[in-house]
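Trainee: All I have is the shape, not the residue letters:
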């Protein structure tokens, strides 16, 4: 089955890059702080970053004292930037879809994945491979779009009042798992919706103990600075998990 | 803080009783089969049933071979029926809110709770007490309303088409946890909304390993028999969890 490589699409890539440079983008405000809060002390740790993209997380992991960081990504375009902007003597970038993790050698203390797993159809297969690459007691820390978001299957996502304010999310098809083809900068961006229970079960079945979950919501301070995040009261954008290999 | 005892309200009680006698009610079609699927072999096991209500689950647990069953419930009215309709030499019923579990002695192999925990404000306190009553490796199996349902905070729950069919759920305030006062047969039925992540974290922090989660959705056969459950494609009604004391 062909793996989607949307980040090598020119239009998608340029738009995504711009989005991530916006001050107060959701990654910077919510996802990165939540992900960092789930990380262990990294000193001396061998780390794998799945879907490393521009390598920003790899750079952070290096700065935080990791002994080595292996970033893999399906998009050569993303890795070009990663190598240019976020390289270090401890960091290696490999162009590889995460469905082919079994090609990797070595043993890692920590696997990290930021906002990439919702692009993967066979999550169970990926988690199996992560398990086999981790040391005993090794950690798997990841973020993905919240299941309440990945369920989106087209149509109006929100109902708004006469002033355009969001009243509530139009929640459709949460219980219908599988591929969602959506428009995000370009047509036909493919994501995979899984219910909360499915994500938990895939981890449990593969011998991971869930230690912590975060669905980030804004603090008062964040809302004062970025009132646009008021709508997160209805649905968090992200889901983050720290799980331990048992 | 006063514990709610809505099941001792005459009107609520009679209406709930009628609801549960309807053929094809959601408890019989989804909740009970899912709960049973999470149970271990019960032979010789000491079981605690939290919020046992009419004692239907206690009877099932006795029939399935449990050595002893202790059912506790805050509602004396419910326990009256439990004692009349679902007693056995192995079954004991105790009138007690589950917030006072620490008054119990003994050690249990399994704690079960069916659709009661969303009435509890201090879930962390209840889970702590359950942990201290369980043997090492003991199981905690429970169902509650799905967080997508408990988030409901008033107003129209659904958006319908011109024929009255449900198009989508109006999801509001999922990220705002806490008490919800709703109308269900009577005014001011109090439930507590917690996000998925909070439920998972309370279990994890109290030394429980989540082994399996179920958000029940109808099979084709169920939909043919009960077309009304078509709306579960948008949101499951229940969340079930099997967790093991570590």
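Mentor: Yep, it's here. Owing to the predicted nature of the structure, the values given are computational and were not obtained by experimental measurement. Numbers count the residues shown, from 1 in each chain, chains lettered A, B, ... in the order given.

Trainee: which residues does the residue positioned nearest the centre of chain A contact?
Mentor: Nearest residue to the geometric centre of chain A (Cα atoms, centre = their mean): residue A:115, 1.5 Å. Applying Cβ atoms under 8 Å, 6 or more residues apart in numbering or on different chains to residue A:115 gives the contacts A:27, A:31, A:51, A:143, A:144, A:145, A:238. Where you see a C-beta, it was placed from the backbone N, CA and C, and this is true even at glycine.

Trainee: mind redoing it with 7 Å?
Mentor: A:31, A:143, A:144 (Cβ atoms under 7 Å, 6 or more residues apart in numbering or on different chains).

Trainee: what's the helix or strand for the closest residue to residue A:230 other than its chain neighbours?
Mentor: Of all residues not flanking residue A:230 in the chain, residue A:223 sits nearest, at 6.3 Å (Cβ to Cβ, 6 or more residues apart in numbering or on different chains). Assigned by DSSP states H and E, residue A:223 falls within helix A:220-225.

Trainee: what comes up buried for that helix?
Mentor: residue A:222 (16 or more other Cβ atoms under 10 Å in any protein chain shown).

Trainee: That helix packs against which elements?
Mentor: Here helix A:220-225 touches no other helix or strand, going by 3 or more Cβ pairs under 7 Å, 6 or more residues apart in numbering or on different chains; DSSP states H and E.

Trainee: And the next helix-or-strand element following that helix, what does it pack against?
Mentor: Moving toward the C-terminus from helix A:220-225, the next helix or strand (DSSP H and E) is strand A:238-245. Contacts defined by 3+ Cβ pairs under 7 Å, 6+ apart place strand A:238-245 against helix A:32-37, strand A:134-145, strand A:208-214.

Trainee: for strand A:238-245, which positions count as buried?
Mentor: Those would be A:238, A:239, A:240, A:241, A:242, A:243, A:244, A:245, for strand A:238-245 by 16+ other Cβ under 10 Å.

Trainee: and of these, the nearest to chain B?
Mentor: Nearest to chain B among those: residue A:239, at 7.3 Å, using Cβ to the nearest Cβ.

Trainee: what about the nearest residue to the closest one once chain neighbours are set aside, distance to residue A:243?
Mentor: With Cβ to Cβ, 6+ apart as the criterion, residue A:239 has its nearest non-adjacent residue at 4.6 Å, and that residue is residue A:146. Here the criterion is Cβ to Cβ, to the nearest Å. By it, residue A:146 lies 17 Å from residue A:243.

Trainee: thinking again about what came up before, out of the buried residues of strand A:238-245, which two sit at the greatest distance?
Mentor: A:238 and A:245 (22.9 Å; Cβ to Cβ).

Trainee: secondary structure class for the residue of chain A positioned farthest from its centre?
Mentor: Within chain A, residue A:162 marks the point farthest from the mean C-alpha position, 34.4 Å out by Cα atoms, centre = their mean. Three-state call for residue A:162 (DSSP: H, G, I helix; E, B strand; the rest coil): coil.

Trainee: what do you get for the one 5 residues further on?
Mentor: Counting by three-state DSSP, the backbone at residue A:167 sits in strand.

Trainee: follow-up on the earlier one: show me the contacts for the residue nearest to residue A:239.
Mentor: Counting by Cβ under 7 Å, 6+ apart, residue A:146 touches A:215, A:235, A:236, A:237, A:238, A:239.

Trainee: Look at the closest residue to the third one other than its chain neighbours and report its pLDDT.
Mentor: The spatial neighbour of residue A:236 that comes closest, neighbours along the chain excluded (Cβ to Cβ, 6+ apart), is residue A:215 at 3.9 Å. In the prediction, the pLDDT value recorded for residue A:215 is 98.

Trainee: Around residue A:215, how many other residues sit close by?
Mentor: The local packing of residue A:215 (other Cβ atoms under 10 Å in any protein chain shown) involves 25 other residues.

Trainee: you'd agree it is up against residue A:235?
Mentor: No - contact criterion Cβ atoms under 7 Å: residue A:215 and residue A:235 do not qualify, at 8.9 Å.

Trainee: where does chain A have low pLDDT?
Mentor: Applying pLDDT under 70 to chain A flags residues A:1-2, A:12.

Trainee: Up against chain B, what does it have?
Mentor: Within chain A, the positions adjacent to chain B are A:148, A:159, A:168-176, A:195-197, A:200-201, A:204, A:209-215, A:217, A:232-236 by Cβ under 7 Å from any Cβ of the partner chain.
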